[in-house]
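> What follows is a protein structure lacking sequence information:
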């Protein structure tokens, strides 16, 4: 069933409200300024929060590969969600997220230091998983863990594309097989498109209805595509996606 959040919730997801919330979480003095990377996050957070809000009222959220946890913190503060878990691998960033939570009393946010590829780092019965700019293979680890747990909603934005991504070698093999031009910009776009195709088919084969859309303009970030996946269960579409993915990942014959 489609969920429409109350207008008063959507009304407080603008950039000014996001900036005010970030200042409450990250600044200890009124005359301090947000870091440049935090300022850059403002339009990104304002872009992804409405999509997050439409997944349902107060779900159990996991903010995965979270960094300093801006998405999870915004969900708790601006959406009013009361069951938020943050997973971050780097100890310094996890500690920073814990300090941010402590600065705003009353929030129900648990910060876990751990690798998103480790099932033990994840809480049970998550209902929504979000990952904003999960870098390289972290995007795939988040998707795989969410699928393994049959999480109803996955909202994920990939960042860099590196050779550490499992499918990248096969994508380059397809580029060679099809005679894709060797110019770096052309070849990179083709390989990245194949990587994103495999990711989309993987989710569809796992029983998810998937949309991929820009959540901010490219001037805000070149990595501006949001995968929004809702689990609907096995279907003819998922079976077709599995077959298409099988042919893709097997590589050129």
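Nice, thanks for sending it over. All values reported here derive from a predicted model rather than from experimental measurement.
> Any idea how many residues pack against the closest residue to residue 233 other than its chain neighbours?
Once flanking residues are discounted, residue 233 sits nearest to residue 207: 4.8 Å by Cβ to Cβ, 6 or more residues apart in numbering. (Glycine included, C-beta is placed from N, CA and C.) Residue neighbour count, defined by other Cβ atoms under 10 Å, stands at 19 for residue 207.
> same check, this time on residue 201
Neighbours of residue 201 (other Cβ under 10 Å): 22.
> So which residues of the stretch 101-250 of the chain form strands?
109-113, 128-134, 153-158, 208-214, 225-231 (DSSP state E, counting those that start in this stretch).
> Let's have those in JSON lines, adding mean neighbour count and distance to residue 36.
Compiled in JSON lines, the strands of the stretch 101-250 of the chain are given as follows (neighbours: other Cβ atoms under 10 Å; distance: least, Cβ to Cβ, whole Å):
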{"stretch": "strand 109-113", "mean neighbour count": "19", "distance to residue 36": "23"}
{"stretch": "strand 128-134", "mean neighbour count": "25", "distance to residue 36": "15"}
{"stretch": "strand 153-158", "mean neighbour count": "24", "distance to residue 36": "19"}
{"stretch": "strand 208-214", "mean neighbour count": "15", "distance to residue 36": "23"}
{"stretch": "strand 225-231", "mean neighbour count": "20", "distance to residue 36": "23"}
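> Pipe those strands into a markdown table and attach distance to residue 8 per row.
Below are the strands of the stretch 101-250 of the chain laid out as a markdown table (distance: least, Cβ to Cβ, whole Å):
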| stretch | distance to residue 8 |
| --- | --- |
| strand 109-113 | 22 |
| strand 128-134 | 20 |
| strand 153-158 | 22 |
| strand 208-214 | 25 |
| strand 225-231 | 23 |
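> what about those strands, which gets the closest to residue 22?
In terms of Cβ to Cβ, the element of the strands of the stretch 101-250 of the chain nearest to residue 22 is strand 128-134, at 13.6 Å.
> The closest one pairs with which strands, and in what direction?
strand 61-64 (parallel), strand 153-158 (parallel) (DSSP bridges).
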